[in-house]
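return atomic coordinates for the entry below.
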Amino acid sequence: MSSTEEVKKVEAEIPATQNKEESNSSEEETENKVVLSDEPKSIIMGIIAQLRKGADLHRVTLPTFVLEPRSMTERITDFLRHPDILLRIQNIDDPIGRFVEVVKYFLAGWHIMPKGVKKPYNPVLGEIFRCRFKHSDGSEAFYVCEQTSHHPPMSSFFYSVPKHGIKVNGELKPKAKFLGNSAATIMQGTHSLYFTKLDETYLIPMPNVYARGILIGTMFMEYGDTVSIKCPKNDLSASIEFKTKGFFGGGYNNISGKIMKGKETLYTLSGKWSSVMYIKKPKDKEKTVFIDIRNEELTPLIVEPNDKQEEFEARRLWEKVTEGLTKKGLDYATEQKTAIEDNQRLLVKKRADEGIEWKPRFFVPSDDGIHEFISPLDKVTYEDPIAAQKKIEEAIFSSPTEDLYKRFWLTEEEAKNVHLDDKKK
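Numbering: from 1, shown residues only. You can find the predicted model right below:
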């Protein structure tokens, strides 16, 4: 049996990348498990043997069978797939009621994840993902994400619903570490959710991600640690703990938390981010359902077909790797992934040789004290929603005007003329 056949035999089901088979974790167990047979396990052990505890994993090339068939630039959209929660917030008069709904929005997107232990593709520098959403009330939302740094990795993104005056600026700076029998992805970065009609900003971080059992036991993936959501204007905050499963006991996918006004606890939260979560006032005896995500519909992404995308757009860029993971086999996927990584190194070296300074296409340096980069579209005003939508849509879906953003792939002749001097950049 080939290595591809062996890994495919033990692999958990690969999720569809275009909204066909997205699944939730079960309530009592978790579907984020995989039992590796000897050959794939030995591949991971070979990598781990070269590491020390606490080592940064970003520059480590992981085996293809641990990849989720989509890029991180696309995966960020998971947190935007329940827009009905966002759209109703501005109609709530009570600031506390609004904050509670923001917390619900935050908790609603974590159930969208692949089965097994998977990680999305590491975006190349300058990679972009663009899409739009259509809502039941006739409004539209627009999203763009760009890889604004490769070493260290950083994905910057902007999301807007012009009709409702809602916008999100954010960035994700994952830092992977080896922890012994686990690998952790520390999710640095914050996204700021802003309601223009209310002049309110909500600061929202991300939980960390852990892959457990990579040396001993069953491999599974879970979220962990505590995040703090804040609305500085109204002195409201939420502290939410994503509970990790204990070695000898405990359950999967549990959360606990509290919503506070200053130092006063207004509500407590409990349940599972993969199914049902509950809310309760401190003096109440009974908790009530906060959100049952099993009953929530996902709003689909509207994305241009791959053959109409630019070379730096994520689905086109990774198309052959995805085809390998879902159809042609892992050997083909590995070959195509290596081709992307090799071209990325040559492209960076070619720019350096020619004195070309790379800068993000859709984002500029930020001085807001929250983000490193921010979209220039943050300055668009929403007094005229139709005009704002036109400006935002045209900017996000515009064609590149600079050669820097037009071509990812070097020609064979160009590649021959680039010399890496044994330095990977």
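
where does the prediction get shaky in the chain?
Filtered on pLDDT under 70, the chain yields the residue ranges 1-63, 215, 246-249, 422-425.

report the central residue of it.
I76 (3.0 Å; CA atoms, centre = their mean).

that residue and A314, how far apart?
11 Å (CB to CB, to the nearest Å). The way it works is simple: take the backbone N, C-alpha and C, and place the C-beta from them, glycine included.

quick one: the helices in the protein?
According to DSSP state H, the chain carries its helices in the segments 3-10, 38-48, 72-75, 83-87, 95-107, 314-317, 319-323, 330-353, 385-396, 412-416.

in CSV: these, plus mean neighbour count and distance to S274.
Formatted as CSV, the helices of the chain follow (neighbours: other CB atoms under 10 Å; distance: least, CB to CB, whole Å):
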stretch, mean neighbour count, distance to S274
helix 3-10, 16, 23
helix 38-48, 15, 25
helix 72-75, 25, 17
helix 83-87, 19, 17
helix 95-107, 20, 11
helix 314-317, 23, 26
helix 319-323, 19, 25
helix 330-353, 17, 28
helix 385-396, 16, 32
helix 412-416, 10, 45
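
which among these is found nearest to H135?
helix 83-87 (5.6 Å; CB to CB).

which residues sit against that closest one?
Applying CB atoms under 8 Å, 6 or more residues apart in numbering, the contact partners of helix 83-87 are 101, 104-105, 108, 133, 135-137, 139, 141, 161, 164, 166, 193, 299.

that older thread, does the residue nearest to the centre of the chain really touch S155, like I thought?
Yes. Counting by CB atoms under 8 Å, I76 does reach S155; the two are 6.5 Å apart.

is it true that D235 touches K263?
No. Counting by CB under 8 Å, D235 does not reach K263; the two are 9.7 Å apart.

with neighbour numbers in mind, choose between the two.
Remark: of D235 and K263, D235 carries more neighbours, 13 against 7, as counted by other CB atoms under 10 Å.

out of everything not next to it in sequence, what's closest to the more buried one?
Nearest residue to D235, sequence neighbours excluded (CB to CB, 6 or more residues apart in numbering): G262, at 5.3 Å.

tally of neighbours for that neighbour?
G262: 9 neighbours (other CB under 10 Å).

over to N122?
22.

what's the answer for P153, then?
18.

and if you look at the one 10 residues further on?
As a burial measure, the neighbour count of K163 was computed by other CB under 10 Å and equals 18.

circling back to that earlier point, so which of the contacts of helix 83-87 are in strands?
The strands, defined by DSSP state E, take in F133, A141, V161, I166, L193 from those.

now, which of those sits nearest G329?
F133 (33.5 Å).

nearest residue to the closest one other than its sequence neighbours?
Going by CB to CB, 6+ apart, F133 has A141 as its nearest residue, at 4.2 Å.

what's near enough to touch that neighbour?
Each residue near A141 by CB under 8 Å, 6+ apart is listed here: L80, P83, R132, F133, H135, Y159, S160, V161, I166.

pretty sure the fifth one contacts T299?
Yes. In terms of CB under 8 Å, H135 counts as a neighbour of T299; the distance is 6.9 Å.

hmm, back to that, overlap in contacts, I76 and S155.
Common neighbours of I76 and S155, counting by CB under 8 Å, 6+ apart, are C145, L172.

can you get me a residue count around E200?
20.

need the max-distance pair from the contacts of A141.
Of all pairs in the contacts of A141, the most separated under CB to CB is R132 and I166 at 14.2 Å.

with neighbour numbers in mind, choose between these two.
Counted by other CB under 10 Å, R132 and I166 do not tie: I166 has more neighbours, with 23 against 15.

right, and that one touches F195 too?
Yes. Counting by CB under 8 Å, I166 touches F195, with 6.0 Å between them.
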